[in-house]
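Participant: Need a 3D model of the sequence below.
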Amino acid sequence: MASLLRVFIIALLFYLVIWVVRGLIRPDARPGGPAEENLLVSDELTGLYFEKSKAITVKTNGKTYYFSNAENRDTWLRRNAR
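Facilitator: Have a look, this model is predicted:
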């Protein structure tokens, strides 16, 4: 009975090690991986959602604003110029 319990514990530990290692090396867990490329952001001017990887960005006051095209960016910049 003790040997069966020992085998079960070793198998459980092996499974946990594999689970942790898989979590550390998953490609979508790294910044810039597939999961991040497919994130949706909204255009600050129109509110429409599109892929973050295709965004035109403006950084101001520590915040990043996303735009689907240069025309929307320019319009937003004119409206928010200080």
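
Participant: Break the chain down into its domains, please.
Facilitator: 1-38, 39-82 (automatic domain parsing).

Participant: Tabulate these (TSV), appending mean neighbour count.
Facilitator: C-beta coordinates here come from the backbone N, C-alpha and C atoms, glycine included. Listed next are the domains of the chain as TSV, based on neighbours: other C-beta atoms under 10 Å:
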stretch	mean neighbour count
domain 1-38	10
domain 39-82	13
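
Participant: average pLDDT across stretch 23-40?
Facilitator: For stretch 23-40, mean pLDDT is 64.

Participant: for stretch 65-80, same thing?
Facilitator: Mean predicted confidence for stretch 65-80 is 94.

Participant: how distant is it from the center of its chain?
Facilitator: 23 Å (C-alpha atoms, centre = their mean, to the nearest Å).

Participant: Name the single longest helix found in this structure.
Facilitator: Using DSSP state H, we find that the single longest helix of the chain is helix 2-25.

Participant: Using PDB, write out every CA atom in that helix.
Facilitator: Output of helix 2-25 as PDB, limited to C-alpha atoms (Å, rounded to 0.1, in the frame of the first residue of the first chain):
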ATOM      1  CA  ALA A   2       2.800   2.400   0.900                       C
ATOM      2  CA  SER A   3       4.500   1.800  -2.500                       C
ATOM      3  CA  LEU A   4       1.300   2.600  -4.400                       C
ATOM      4  CA  LEU A   5       1.000   5.800  -2.400                       C
ATOM      5  CA  ARG A   6       4.600   6.700  -3.200                       C
ATOM      6  CA  VAL A   7       4.000   6.100  -7.000                       C
ATOM      7  CA  PHE A   8       0.900   8.300  -6.800                       C
ATOM      8  CA  ILE A   9       2.800  11.100  -5.100                       C
ATOM      9  CA  ILE A  10       5.700  10.900  -7.600                       C
ATOM     10  CA  ALA A  11       3.200  11.000 -10.600                       C
ATOM     11  CA  LEU A  12       1.400  14.000  -9.100                       C
ATOM     12  CA  LEU A  13       4.700  15.800  -8.600                       C
ATOM     13  CA  PHE A  14       5.700  15.000 -12.100                       C
ATOM     14  CA  TYR A  15       2.400  16.300 -13.500                       C
ATOM     15  CA  LEU A  16       2.800  19.600 -11.400                       C
ATOM     16  CA  VAL A  17       6.300  20.200 -12.700                       C
ATOM     17  CA  ILE A  18       5.200  19.700 -16.300                       C
ATOM     18  CA  TRP A  19       2.200  22.000 -15.700                       C
ATOM     19  CA  VAL A  20       4.400  24.800 -14.300                       C
ATOM     20  CA  VAL A  21       7.000  24.400 -17.100                       C
ATOM     21  CA  ARG A  22       4.300  24.600 -19.800                       C
ATOM     22  CA  GLY A  23       2.900  27.800 -18.200                       C
ATOM     23  CA  LEU A  24       6.400  29.400 -18.300                       C
ATOM     24  CA  ILE A  25       7.200  28.600 -21.900                       C
END
